[in-house]
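K.L.:
sequence below, structure please.
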Amino acid sequence: SAAPPTAGLQRTTSAERKQATVLYIGLQTRTADGDAVDPESLHLVYAAFLAAAREAVERYGGRIHQAVGDRIMALFGAPITLEDHAHRAVMAALALREQGTALSAAARGDAAAVAATCTLRFGMATGGVVFGGAGDVVVGEAVDLARRLEGLAVHDPQADADADAVILVQRAAGQLVWPFVRLLRARDLEATHADDRLGRLYRVVGPRERERPTVFAQVRLTPFVGRERELQTLRLLADQAGTGRGQAVGIAGQAGTGKSRLIFEFRRQLRSQSVTWLSGTCLAYGQGTPYLPLLSMVRRASYIGRSDAPGAIASKLRDSLEAIGLEADSALPFLLRLLGIELGAYPVGDLEPQAIQAQTFAILRRMVLRAGQQSLVVLEIEDLHWIDQTSEAFLASLVEGMAGARLLLLATYRAGYRPSWLERSYATQLSVHPLSPEEGREMAAAILQTRGMSGDAASDDAASGDDDGGGGRDDGALVADAEALLAKAEGNPFFLEELARQLTDLRSAETSTGGAPQGDGAIPDTVQGVLMARIDRLPAEHKQLLQIASVLQRELSVDLLGRLWDGTTPLVQMLRDLTAWEFFYESATETGSHYVFRHALTQEVAYASLLSQHRQQLHAATAEALEALHASRLADVYDQLIYHYARAGRPVETVRYAIAFADQAAASYAHAEAARALREALKQAEALPAAHRDAQILDLVLRLAASLLPLAGFFESLERLEGETTRVERLDDAQLRGRY
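P.N.:
Sure, this is the predicted structure:
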């Protein structure tokens, strides 16, 4: 599918609900003798603090939302949703922590200034926030938690005074960042600041040695189903590449369809063969960083760790180059420069930037092509849709000269991106589609059985490894749960797994609380982040239409939508665009053309982003539009009118249409449907004006009792009638009293 034609990300001016990460950054200053810091020095420190924080936060796609003296609040995931908001926030905190000593140096002004020591502290929390409106106000539990954590993020009194600043995160954030950073449980703080809202706390030790660990190797794997054809195609192409006929493969699909898992399984199948595997990763926040996936490829190929000194890096690069028969002395200066390392023994010389790039490209090409020493080389580049332009140009030059090489290029990307090199005769695109119902059913049942209704998958830091037990469930219950997951995830493996994780957490909580359901079945944060990030990348009017459409539920009437749409772009064109971008699909029915949300979760996420007041306004407008469109046949839309008026907070209309619907249903002996409508009406009737509330409620109870009797609902009928004794005595209505 084509990508939305946006040069940059879009945002709306109204407030919205968001899943975001809040990072509070505090600065402590003190002098060697404990005196107050000179105001001039303090001003220099705060200015340097704000500049450093702004640079680190914006580098990772966040924004400084508030800065007051020694405290800064940064926001990741609002106004534009970022599916990796927690990862970005923790990387910004680590980057800023590395600059802590520089902030102390900034305190030295003129000779009279007092030298101060600065200590940073960080509090990080992930959760729902409401963002936007006048002044871009942001509120939510994540804001309060991050502020509290920043206050708790103090050094251990026994620790070295020069130790790294403390980055404290709560459990929800820890579950999202543990694949990228090392975490330690802060049991001391949990014990001294016991609070159900804080929950489990973790200190961030530092980044993992590997830039991006293979998450599949660190958690229990879910069943791999439904990708046999794609695996077979990859094996055939690998065989061709192994004979010196290079192949480039693009693996395309929507987020969560299993592109990375497919490569992981393919790699496992090649373990018994002589294969050299090189890999690089594009990152959402790295599109402005030249050579980013190639940098990670070079580091991994040469076993360069994050903590390696420049001299050690040069030595490892030399060993790698010599191992594949390349002249190290001529290549090292360019690779060191690529890694941002300046060593006087390896000068690049007075070359023009274009010449430096050409030389760097040539060296990287030789490294890739010679890496296998006459055996197959597989170069894996993930998330190509986030690639920087320089790396994109390098890949194009690599593919151009790989036809006669023992090289298999594997690149994953989301639908909407198309590599320029796909036009080559030796290039293939594999599209990874959602699982079929049978495959999804198999995967859902296996996930539930594997997890045993026991909670989160394991990790080495316990941020996501909370296997609390839970016991098995009978086959019938597992089948029912699997079917529920399947209906909601619609064949997306990632959605299936995340929904299963949430379900098992809820089941475990129910067991521990004696059967009381915990939570409201909301969409998991991870799924919501992926989908909302995609919605936020729409042009502003298209996003607005998508949110309006979400109120109508999954199937959309063009006539009804037209009554609600007041944008400048014609509705037909907007619907065509959203269909081309795979948000909708068109469905022809006897009554004309309809549009349907391609994925039910997209509709739910778009709806969840609306504030309650905005939702009510849209539901009211929808109900009024339905009345106008079906004025001559209101009975056809009674059910829709009940649904929308109830959610619009309009009890008078809700009750009126519920009674009409119940009368219609009871007349055809559909008493179950009549009773359901009357129960909804009774909920709404509590908000009716006091003048006729009692009479209306009693009338509804009597109608409900009449429909319950044919359903053998005698005891419910009796219970409801007995509960109205006081109301009957209070009413001066002989007719109602007689019916009662």
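K.L.:
gap between the helix or strand hosting L336 and the chain center?
P.N.:
Per DSSP states H and E, L336 falls inside helix 328-338. How far helix 328-338 lies from its chain's middle: 38 Å, per C-alpha atoms, centre = their mean, to the nearest Å.
K.L.:
how about stretch 227-245?
P.N.:
With C-alpha atoms, centre = their mean, you get 32 Å for stretch 227-245.
K.L.:
avg pLDDT for it?
P.N.:
The predicted model gives stretch 227-245 an average pLDDT of 93.
K.L.:
lowest-confidence helix or strand of the protein?
P.N.:
helix 100-106 (a mean of 58; mean pLDDT, DSSP states H and E).
K.L.:
partners of the helix or strand just after that helix in the sheet?
P.N.:
Past helix 100-106, further along toward the C-terminus, the next helix or strand under DSSP H and E is strand 116-132. Strand 116-132 has the following strand partners under DSSP bridges: strand 16-31 (antiparallel), strand 137-139 (antiparallel), strand 166-170 (parallel).
K.L.:
and strand 116-132, what's its mean pLDDT?
P.N.:
86.
K.L.:
cool, stretch 310-318 as well?
P.N.:
Average pLDDT, stretch 310-318: 92.
K.L.:
cool, stretch 52-66 as well?
P.N.:
91.
K.L.:
how about the residue positioned nearest the centre of the chain: what's its closest non-neighbour residue?
P.N.:
Taking C-alpha atoms, centre = their mean, the centroid of the chain lies closest to G529, which sits 2.4 Å from it. Leaving aside its chain neighbours, G529 sits nearest to E83 (4.1 Å; criterion: C-beta to C-beta, 6 or more residues apart in numbering). C-betas here are computed from N, CA, C, even on glycine.
K.L.:
low-confidence ranges, the stretch 451-600 of the chain, go.
P.N.:
451-479, 505-522, 588-592 (pLDDT under 70).
K.L.:
where do the strands sit along it?
P.N.:
Assigned by DSSP state E, counting those that start in this stretch, the stretch 451-600 of the chain shows strands spanning 555-557, 584-589, 592-597.
K.L.:
how about those strands, which one is nearest M443?
P.N.:
strand 592-597 (22.5 Å; C-beta to C-beta).
K.L.:
may I see the buried residues of the closest one?
P.N.:
594-597 (16 or more other C-beta atoms under 10 Å).
K.L.:
and it, how far from the chain's centre?
P.N.:
The answer for strand 592-597 is 28 Å, by C-alpha atoms, centre = their mean.
K.L.:
before we move on, which element is T390 in?
P.N.:
helix 389-400.
K.L.:
let me see the mean pLDDT of that helix.
P.N.:
Per-residue scores along helix 389-400 average to 94.
K.L.:
what is it packed up against?
P.N.:
helix 292-301, helix 353-370, strand 407-413 (3 or more C-beta pairs under 8 Å, 6 or more residues apart in numbering; DSSP states H and E).
K.L.:
can you list contacts of the first one?
P.N.:
With C-beta atoms under 8 Å, 6 or more residues apart in numbering as the test, helix 292-301 has contacts from 210-212, 278-283, 286, 304, 317, 320, 335, 338-339, 364, 367, 371, 379, 381-382, 387-388, 391, 394.
K.L.:
got a ChimeraX select line for the buried ones in those residues?
P.N.:
Per 16+ other C-beta under 10 Å, the buried members of those correspond to this ChimeraX selection:
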select :211,212,278,279,280,281,282,283,286,304,317,320,335,338,339,364,367,371,379,381,382,387,388,391,394
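K.L.:
which parts of the stretch 101-250 of the chain are strands?
P.N.:
Under DSSP E, counting those that start in this stretch, the stretch 101-250 of the chain gives strands at 116-132, 137-139, 166-170, 181-185, 201-207, 247-252.
K.L.:
pLDDT weak spots in the stretch 301-450 of the chain?
P.N.:
Looking at the stretch 301-450 of the chain by pLDDT under 70, you get 344-346, 450.
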